[in-house]
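A.B. asks: Kindly return the folded structure for what I paste below:
(chains A and B)
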Amino acid sequence: MAGKKYFALAFALMVGMCLTPALRADESIWSGLVLAKTVDKPGEIPPELKKYAGQLKDIFGYNQYELMGQHIELMDNPYEHWLIPSKDFSLRVSARKALKPGFNYHLKLDLFQENKLLAGMEGRLCGQNLLFIRGPAYDDGQLIIVLVVK
Amino acid sequence: MKTFEEKFTAWIDGELKGEELIAFEAEVLKTDDAQLQKAAAFQLGDLLREHGQARELKNADFFNLQIMQRIEAEMPKPKAAPERPKFSWSLSRIAMAGAFSLLIAAGLFHYVIPVGENSAQGGGLADQIIKTQSGNPDVTASAFYSQKNDVTVLWLDAPKYTPQKKHAAEGAK
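C.D. replies: Coordinates of the predicted model:
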């Protein structure tokens, strides 16, 4: 009888631990299409990018960053898909929980130029790590994609 | 020259003849009980001659087998190794052990193997670019990790996009 109780307790604990990642599904992925330029009088950086301004400037060197489009996706389902449209470029993102230990999400990104697929990419995101994608030169500047787990 | 024992054996066997026999008997039969000894010795000699040879066994192998079995039965047996106690866990106990093992494995998986933000803060894993592809041969890609900024960067080299035509067309309208 006591054995059955212990077994039930162990089973409940095990199930609880297995469900832990699902309970942590309050994470979200923020993604944005950014146009970076070097101008004489740079405007103020959008509040969504303020946190990453230093890193953007250090890596790409431009002094002005405009947000062309953005999306924040709450990762409450094992698979999520979203699209960030903009005037000439759009980004389609498919995300799922990464199977490889140490990574949070497995991403599939498709960058469209007008209606044509320019490049497809696959990658894995760690928690709180940034992923920058430098796109083509565009409108006297540079297209940059930013992805981050929040 | 025969010794006394040799002569005595020959006398018992009735091989002493003539003068030799007379001389030996004269020497041996000096004592009072010599006649009795002589009779006993002759009787023994007759018995040995009659039964001295072993009978030929008809079933020698069976006899040997019996003898060997008797010897083996009388030999002290070597002590057998103590038998191991048999594994006698009940099904529920086995299931419980399995559940606990899984629990420990799950715990190790969740708390020991570095995951997510912990690893990133500890400078462990960075984001990974697995693959890139493009239908445009002019588009190439390379990836690097900036440790200073803790950022993974995918660098696409693509032809500059100038939306002049489209915009010009829109302007003409």
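
A.B. asks: What values do phi and psi take at residue 78?
C.D. replies: Since no chain was named, I'll use chain A. Main-chain torsions, A:P78, degrees, to the nearest 10: phi -60, psi -30.

A.B. asks: not what I meant, chain B
C.D. replies: Dihedral angles (degrees, to the nearest 10) for B:P78: phi -70, psi 140.

A.B. asks: quick one: pLDDT of it?
C.D. replies: For B:P78, the model assigns a pLDDT of 73.

A.B. asks: okay, now it: neighbour count?
C.D. replies: Burial of B:P78 is recorded as 6 neighbouring residues (other CB atoms under 10 Å in any protein chain shown). (Glycine included, C-beta is placed from N, CA and C.)

A.B. asks: what's the spacing between it and B:M68?
C.D. replies: Relative to B:M68, B:P78 is positioned 17 Å away (CB to CB, to the nearest Å).

A.B. asks: Check B:D61 too.
C.D. replies: Going from B:D61 to B:M68 by CB to CB gives 10 Å.

A.B. asks: B:K38 is in contact with B:V28, correct?
C.D. replies: Yes: contact between B:V28 and B:K38 holds when scored by CB atoms under 8 Å: they sit 7.4 Å apart.

A.B. asks: so where do the helices sit in chain B?
C.D. replies: B:4-12, B:18-28, B:34-51, B:60-74, B:91-111, B:116-121, B:164-172 (DSSP state H).

A.B. asks: Okay, and the beta partners of A:I133?
C.D. replies: For A:I133, the beta-bridge partners under DSSP bridges are A:I145, B:L154.

A.B. asks: what's it in contact with, if anything?
C.D. replies: For A:I133, the contact set (CB atoms under 8 Å, 6 or more residues apart in numbering or on different chains) comprises A:109, A:111, A:121, A:144-147, B:153-154, B:156.

A.B. asks: Closest to B:D33 out of those?
C.D. replies: A:M121 (130.6 Å; CB to CB).

A.B. asks: State the helix or strand in which that closest one lies.
C.D. replies: Using DSSP states H and E, A:M121 maps to strand A:116-125.
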